[in-house]
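Chemist: Could you look at this predicted model? Sequence included:
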Amino acid sequence: MTDQFVLAIDQGTTSTRAMIFDHAGKVVSVGQKEHEQIFPKAGWVEHDPTEIWTNTREVVGMALGRASLTHEQIAAVGITNQRETAVVWDRETGEPVYNAIVWQDTRTQKICDELAALGGGAERYKDKVGLPLATYFSGPKIRWILDNVEGAREKAEAGRLAFGNTDSWVLWNMTGGVNGGIHVTDPTNASRTMLMNIDSLTWNEEIAGEMGVPVSMLPEIRSSSEVYGEGRKGGLLPGVKIAGILGDQQAATFGQACFEVGHAKNTYGTGNFMLINTGTEPISSQNGLLTTVCYKIGDQPTVYALEGSIAVTGSLVQWLRDNLGIISSAPEVEQLAATVEDNGGAYFVPAFSGLFAPYWRSDARGALVGLTRYVNKGHIARAALEATAFQTREVLDAMNADSGVDLTELKVDGGMVANDALMQFQADILGVPVIRPQVAETTALGAAYAAGIAVGYWSGEQDVIDNWAEDKRWEPSMDGDERDRQYRLWKKAVTKSFDWVD
Ligand code: G3P
């Protein structure tokens, strides 16, 4: 095993990464490239799928080159990806018919409202697919493309167009594209389309019909861990088995070894996503959480999760950098926030894509409240970071309410967990310890494990558990009254973000 490694492709919202891991689950090398964020109108967010595929090849080349490895030393490839983001392409030309519509995009509000008006409101499909009707999910995004791109609907009905999240798009291209690329996804991704039966893991033809999406466009749903195909001849990974697919948040849950009912993790990326393993039966939330597939390893039973999705956390720091210019790099936010003692009374509700869990308010928009002349950019930086912690508390409260058992600690991962002050504040606001593992990039690691398990590189979940190691733990130290006071003000600030869409 010493000269064999597993490669994971993490096709995320802001960048694409290739990471190579060894048998101990340690990072051997990384290649990473950001792609353009396209904002054609307020509320619209797009990516160029061609750029994403070009970057994928580039970062795989970087990761192999930096570790001086050849493709023969790669035992398997796993793919993990930003979920929900919809790509529609022409199977004959290999060209996307439109930019990818990103999960944060809110243009499908009207489509969602129309579907809700057919009866049942926002919960119309919840029993079948585990999700409320919301702009977040893929189905309405596919409908928008077919309705708005000239000729797309006819081509789709003739079977010429394919839909995929970016896992399927990358996989199709890696395995040959127009020359025999395979069109496959896994149940974690499919469970975010609003089109998959959450019990049977099959496409729901009735919902697809109502949504105006021909089932022929949809990828085949296979498990999260099995050999789907091989890298194409002439590519960077010819003949290498592609053997794992997990949506990025489920991949992180897997990489964090959350294999028991009640195990949970929170990932701090462009948004935050907390998942709790609920076992082999889907559980319906009464508190604004999503029912989603956590993973399905080969022919083993499906494992489900409840998820609290928060649309904007890390991307608020990018906004401070790119739109306000008060920092010049994302890590600088920590220094700027450290120039002040506290938030100075300011609360920042970053409802840029409406509010996701636990509110699901598409009429919400960002609000910065509590301002006085005392407030400076340090306070705004601090309020922006604190928003991540407060939103996480809201999701944790929903999880505790749904499960009836209080979580006693929280495993965290993702880019922002390098920020010490934020993690301390997170523990303070939650009132439970926050724990970071040694490999904080558990998203890529989880996809690597899924692929490595499929080809026998790792024997199974026990290897994941054995490789997991704690790096740092933050204990809550804030006085309870102070925690309650700040959280109460946060809740009040949230109400100020409601009802901003005409
Ligand atoms: O549901 C969206 C999520 O999968 C995006 O994750 O890490 O790319 O922000 P990330």
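Modeler: Arrived safely.
Chemist: List, one by one, the residues from the stretch 251-400 of the chain near the ligand.
Modeler: Proximity of the stretch 251-400 of the chain to the ligand (C-beta under 6 Å from any ligand atom) is limited to residues 269-271, 309. Every residue, glycine included, has its C-beta placed from N, CA and C.
Chemist: Now tabulate those in CSV and tack on secondary structure, neighbour count and pLDDT.
Modeler: Putting these into CSV (DSSP: H, G, I helix; E, B strand; the rest coil; neighbours: other C-beta atoms under 10 Å; pLDDT from 0 to 100) gives the following:
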residue, secondary structure, neighbour count, pLDDT
Gly269, coil, 22, 90
Thr270, coil, 23, 89
Gly271, coil, 26, 93
Ser309, strand, 25, 94
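Chemist: Any buried residues in stretch 280-295, and which?
Modeler: 282-283, 285, 287-295 (16 or more other C-beta atoms under 10 Å).
Chemist: Looking at the residues of the stretch 251-400 of the chain next to the ligand, which is nearest Ile111?
Modeler: Nearest to Ile111 among those, counting by C-beta to C-beta, is Ser309 at 19.5 Å.
Chemist: dump the residue contacts of the closest one.
Modeler: Residues touching Ser309, when contacts are defined by C-beta atoms under 8 Å, 6 or more residues apart in numbering, comprise 136, 249, 271-273, 290, 356-357.
Chemist: tell me the contacts of the residue in the stretch 151-300 of the chain that the ligand sits nearest to?
Modeler: In the stretch 151-300 of the chain, the residue that lies nearest the ligand is Gly269 (3.0 Å; C-beta to the nearest ligand atom). When contacts are counted by C-beta under 8 Å, 6+ apart, Gly269 is found next to 12-13, 248, 313-314, 414-416, 443.
Chemist: Give me the below-cutoff pLDDT ranges for the stretch 301-450 of the chain.
Modeler: Counting by pLDDT under 70, not a single residue of the stretch 301-450 of the chain qualifies.
Chemist: measure the residue of it found nearest the ligand to Lys265 for me?
Modeler: Sorted by distance to the ligand under C-beta to the nearest ligand atom, the residues of the stretch 301-450 of the chain start with Ser309, at 6.0 Å. According to C-beta to C-beta, to the nearest Å, Ser309 and Lys265 sit 13 Å apart.
Chemist: ditto for Asp484
Modeler: Computed with C-beta to C-beta, the distance linking Asp484 and Lys265 is 26 Å.
Chemist: higher neighbour count, those two?
Modeler: Of the pair Asp484 and Lys265, Lys265 is the one with more neighbours under other C-beta atoms under 10 Å, namely 27 against 12.
Chemist: What residues are bridge-paired with the more buried one?
Modeler: Beta bridges link Lys265 to Leu275, Lys411, judged by DSSP bridges.
Chemist: Contact distance from the ligand - what residues of the stretch 51-200 of the chain qualify?
Modeler: Residues of the stretch 51-200 of the chain found near the ligand (C-beta under 6 Å from any ligand atom) are 82-84, 103.
Chemist: which two in these are spaced the farthest apart?
Modeler: Of all pairs drawn from those, the one with the largest separation by C-beta to C-beta is Gln82 and Glu84; the distance is 7.4 Å.
Chemist: Now for these two: what residues contact both?
Modeler: Counting by C-beta under 8 Å, 6+ apart, the common neighbours of Gln82 and Glu84 are 103, 165.
Chemist: mind listing what's buried in the biggest helix by length in the chain?
Modeler: The residue-count maximum for a helix in the chain (DSSP state H) belongs to helix 377-403. Using 16+ other C-beta under 10 Å as the test for burial, helix 377-403 gives 378-399, 402-403.
Chemist: low-scoring stretches of the stretch 1-150 of the chain, by residue?
Modeler: In the predicted model of the stretch 1-150 of the chain, residues 1-2 satisfy pLDDT under 70.
Chemist: can you give me the strands for it?
Modeler: Listed from the start of the chain, the stretch 1-150 of the chain has strands (DSSP state E, counting those that start in this stretch) covering 5-11, 15-21, 27-34, 46-47, 74-81, 87-90, 100-101.
Chemist: Excluding its own residues, what touches the fourth one? List them.
Modeler: Going back to what we said before, that points to strand 46-47. 35-40, 85, 99-102, 105.
Chemist: Kindly recompute the last result at 7 Å.
Modeler: Surrounding strand 46-47, the residues in contact under the criterion C-beta atoms under 7 Å, 6 or more residues apart in numbering are 35, 38, 40, 85, 99-102.
Chemist: Please apply the same query to the fifth one.
Modeler: Where contact means C-beta under 7 Å, 6+ apart, the residues beyond strand 74-81 that reach it are 4-11, 165-167, 170-171, 237, 240-248, 251, 443-444, 446-448, 450-452, 454-455, 457.
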